[in-house]
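**Q** Fold the following.
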Amino acid sequence: MTEDSAASALAAWLERIEAMHPTEIELGLERIHQVACRLGVDAMPVPVITVAGTNGKGSTLRLMQVLAERHGRRVCLYTSPHLHRFNERVRLPGGLASDQQLCEAFEQVERARQDVSLTYFEFSTLAALLLFRQSEGDLVLLEVGLGGRLDAVNIVDPNVAVVTSVGLDHQDWLGDTREAIAREKCGIARPGRPLIFGEADWPHNLPALADSYGVEPVFAGREFRLNEQGVTLCDGRELGFPGMVTLGRDNLATACQALALVGVPVTTQDCAAVADVALFGRCEFRQLQGHLCWFDVGHNLAAVTRFLQLLPPCEGRRHLVFGMMADKPIDEVVALFAGQSVSWHLAAPAMARAASPSRLAAALPAQAQCRQYESVSEALRGALDAAQSSDQVLIFGSFYTVAEARGEQGG
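**A** Coordinates of the predicted model:
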């Protein structure tokens, strides 16, 4: 299969599996477990770390990947969603899965599913697990798509379960309190195995959840502690951290603790080496047309709050390229910029669920400087044209907003 034909075949497969199931999301493990057993991917022959959480999953997984690879581990990594290419979701020890490898895995999943209906995410998860089993990987890292207990990746028993944080998001599916959402996310834990909770601000029911699941609790602020110098792990080892970590000192602490529990001996030198590791769309800095720009996929209140905390001070004005899904907390996010010198450049990503520019504009203060655009690409160009040398350009609000803006600039 040539490179072009493989790309065409993959595009056809993705279109097919997207149309295969009547709904985009259907939580529950019975259907996918049937197919996983036929494929032999319901268990992995190597250690597995599964990561759930409202925010911080991608950053923590990226740090774990790089740290483990520094110690010679052959890492398999499954994440979602992707920004530009589906292949970004499936990383094998040699790099991203190729179009041909994905097509071959999809063919095997299609044969094994028989008359079982699978969602896009379930089909993708099975293909990723199949490639991981066929690889020479010796560590598997899995990101939960939505929730935890009923998410497709939860068909595999993890050696270590990680919940990075719990906030209010996807409330129609997971519940409308932190405690209810924590119950769903902690459902990735297994009896007698470690459950890491990476946020020092626990939901009130977290200790009771750990008891009910029969896990070994490893909680931030108790079993492991982040401080100004670094982190003290649950075994008493101390690792020094740099003052600044691009993907967050708390995420680095969680990553170090998880890897320690599967036998990867992270050192202070390793932590210093990954301080500048970045990830697409996570407070990602780029210089465009001479202007300082940051991209961030945060799409809930906690994530955007963290994005603002990570940014350097701005001497001039901030130009905000903003697009968000209609079911997200638009008004609350807009309120985070109250009192700041900002101009709004509003656009809807090319998604049915996206809020219209007029809906975004309705959330702004009456005197706000604002322009509405037909596309994210146009909004970014408008922001860059308006920015002065001392200004910042922020592109945020959704994975889709960031993907379209980065695509405009060549990915």
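**Q** Which positions in the helix ranked longest in the chain come out as buried?
**A** The helix of greatest length in the chain, counted in residues with DSSP state H as the criterion, is given as helix 3-20. Taking 16 or more other Cβ atoms under 10 Å as the neighbour-count basis, helix 3-20 is seen to contain the buried residues 6, 7, 9, 10, 13, 14, 17. Where C-beta positions appear, they are placed from N, C-alpha and C, glycine not excepted.
**Q** ok, the third one touching residue 103?
**A** The one in question is residue 9. Yes - applying Cβ atoms under 8 Å, one finds residue 9 in contact with residue 103, separated by 4.8 Å.
**Q** which SSE is the nearest residue to residue 289 once chain neighbours are set aside in?
**A** Nearest residue to residue 289 in three dimensions, chain neighbours excluded: residue 384, at 5.0 Å (Cβ to Cβ, 6 or more residues apart in numbering). Using DSSP states H and E, the secondary-structure element containing residue 384 is helix 376-386.
**Q** after that helix, next one along is what?
**A** Scanning forward in sequence from helix 376-386 by DSSP H and E, the next helix or strand is strand 392-396.
**Q** Which helix or strand lies directly C-terminal to that following strand?
**A** Scanning the chain past strand 392-396 towards its C-terminal end, the next helix or strand to appear is helix 399-408 (assignment: DSSP H and E).
**Q** what's the span of stretch 155-165, first residue to last?
**A** Separation of the first and last residues of stretch 155-165 by Cα to Cα, to the nearest Å is 21 Å.
**Q** do the same with stretch 64-81
**A** Its first and final residues considered, stretch 64-81 spans 18 Å by Cα to Cα.
**Q** One more: stretch 187-205?
**A** Using Cα to Cα, the two ends of stretch 187-205 sit 13 Å apart.
**Q** Would you mark the buried spots in that stretch?
**A** Residues of stretch 187-205 classed as buried: 187-190, 193-199, 202-203, 205 (neighbour count, 16+ other Cβ under 10 Å).
**Q** For it, give the mean pLDDT please.
**A** Rounded to a whole number, the mean pLDDT of stretch 187-205 is 92.
**Q** what about the strands in the stretch 201-350 of the chain?
**A** The residue ranges that make up the strands of the stretch 201-350 of the chain, judged by DSSP state E, counting those that start in this stretch, are 216-219, 225-226, 230-232, 238-240, 284-288, 291-296, 318-322, 342-346.
**Q** Of these, which stretch is the most buried?
**A** Sort those by mean neighbour count, taking mean count of other Cβ atoms under 10 Å, and strand 318-322 sits at the top with a mean of 27.
**Q** roughly how far is that one from the heart of the chain?
**A** What separates the centre of strand 318-322 from the centre of its chain is 22 Å, taken as Cα atoms, centre = their mean, to the nearest Å.
**Q** Name the strands paired with that strand and say parallel or antiparallel.
**A** Sheet neighbours of strand 318-322, with direction, are listed as strand 342-346 (parallel), strand 392-396 (parallel) (DSSP bridges).
**Q** mean confidence for it?
**A** Average pLDDT, strand 318-322: 97.
**Q** can you check stretch 7-19 too?
**A** Along stretch 7-19, the predicted local confidence has a mean pLDDT of 88.
**Q** Residue numbering should commence at 438 henceforth.
**A** Right, with 438 as the first residue, what we last looked at is stretch 444-456.
**Q** Just the CA coordinates for it, please, in CSV.
**A** Below are the C-alpha coordinates for stretch 444-456, written out as CSV (Å, rounded to 0.1, in the frame of the first residue of the first chain):
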residue,chain,number,x,y,z
ALA,A,444,-4.0,7.9,3.7
SER,A,445,-7.1,7.5,1.6
ALA,A,446,-8.0,4.1,3.2
LEU,A,447,-7.6,5.6,6.7
ALA,A,448,-9.9,8.5,5.8
ALA,A,449,-12.5,6.0,4.5
TRP,A,450,-12.2,3.9,7.7
LEU,A,451,-12.7,7.0,9.9
GLU,A,452,-15.7,8.1,8.0
ARG,A,453,-17.1,4.6,8.2
ILE,A,454,-16.7,4.1,12.0
GLU,A,455,-18.0,7.6,12.6
ALA,A,456,-21.3,6.6,10.9
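**Q** From the rest of the structure, what touches that stretch?
**A** Contacts of stretch 444-456 with the rest of the structure, by Cβ atoms under 8 Å, 6 or more residues apart in numbering, involve 438, 523, 536, 537, 539, 540, 543, 555, 557, 560, 561.
**Q** Can you add secondary structure and pLDDT and give those back as JSON lines?
**A** As requested, the contacts of stretch 444-456 are arranged in JSON lines below (DSSP: H, G, I helix; E, B strand; the rest coil; pLDDT from 0 to 100):
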{"residue": "438", "secondary structure": "coil", "pLDDT": "64"}
{"residue": "523", "secondary structure": "helix", "pLDDT": "93"}
{"residue": "536", "secondary structure": "helix", "pLDDT": "94"}
{"residue": "537", "secondary structure": "helix", "pLDDT": "95"}
{"residue": "539", "secondary structure": "helix", "pLDDT": "96"}
{"residue": "540", "secondary structure": "helix", "pLDDT": "95"}
{"residue": "543", "secondary structure": "helix", "pLDDT": "96"}
{"residue": "555", "secondary structure": "coil", "pLDDT": "90"}
{"residue": "557", "secondary structure": "helix", "pLDDT": "90"}
{"residue": "560", "secondary structure": "helix", "pLDDT": "94"}
{"residue": "561", "secondary structure": "helix", "pLDDT": "95"}
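**Q** any idea which of these is closest to residue 793?
**A** Proximity to residue 793 was ranked across the contacts of stretch 444-456 by Cβ to Cβ; first place goes to residue 557, at 25.4 Å.
**Q** thought the closest one was touching residue 518?
**A** No - taking contact to mean Cβ under 8 Å, the distance of 10.3 Å between residue 557 and residue 518 leaves them out of contact.
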